[in-house]
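S.K.: compute the structure for the input listed below.
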Amino acid sequence: MTVDPKIRFAGVINERGRLVAGGMKEKVEPLESEKDDEMIFMELALRVKMRKEFDKQLGPVNFAMASRQRALAMSFPIGEDILYVVSEPDADYGILPKKILKIIHS
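M.R.: Numbers count the residues shown, from 1 in each chain. This next block holds a predicted model:
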């Protein structure tokens, strides 16, 4: 979370869509309920699995990003797990994912 002050959440999600590490930044109000988080994580795990279907043709996914009105959400496959990062919507989406990828690959 120290990579960028606009990061709200950083967590590792397993292949079943469960949060296994990380969480919300201190003193940040969540945008959704804990129950919604569970659904988001499960849906994210499913999307990551589905994207693997095209790895042979297109190569593996480095990261995926969704720009929403209230948040910028990024997912980074790491083995069987997923690093899920949510930032403020005005975060620099050209630079932030590259910073995160550099940390993952270092």
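
S.K.: so what's the residue positioned nearest the centre of the chain bridging to?
M.R.: For the chain, residue 84 is the residue whose C-alpha lies nearest the centre (CA atoms, centre = their mean; 2.0 Å). For residue 84, the beta-bridge partners under DSSP bridges are residue 11, residue 75.

S.K.: quick one: contacts for it?
M.R.: By CB atoms under 8 Å, 6 or more residues apart in numbering, residue 84 lies in contact with 9, 10, 11, 12, 13, 41, 44, 73, 74, 75, 76. (Each C-beta comes from the backbone N, C-alpha and C, glycine too.)

S.K.: hey, where'd the strands end up in the chain?
M.R.: 7-13, 19-24, 64-67, 72-78, 81-87 (DSSP state E).

S.K.: where does the residue lying farthest from the centre of the chain land on pLDDT?
M.R.: Most distant from the centre of the chain: residue 57, at 23.5 Å, with distances by CA atoms, centre = their mean. Note for residue 57: predicted pLDDT of 96.

S.K.: ditto for residue 31
M.R.: Reading off the model, residue 31 has pLDDT 83.

S.K.: all numbers from here: first residue = 762
M.R.: Fine by me, first position is 762 from now on; the one you just mentioned is residue 792.

S.K.: from residue 811, how far out is it?
M.R.: Residue 792 is 25 Å from residue 811, where distance means CB to CB, to the nearest Å.

S.K.: more neighbours: which of those two?
M.R.: residue 792 (14 against 9; other CB atoms under 10 Å).

S.K.: and that one, what are its phi and psi?
M.R.: With angles defined as degrees, to the nearest 10, residue 792 sits at phi -90, psi -20.

S.K.: before we move on, what about residue 854?
M.R.: According to degrees, to the nearest 10, residue 854 has phi -70, psi -10.
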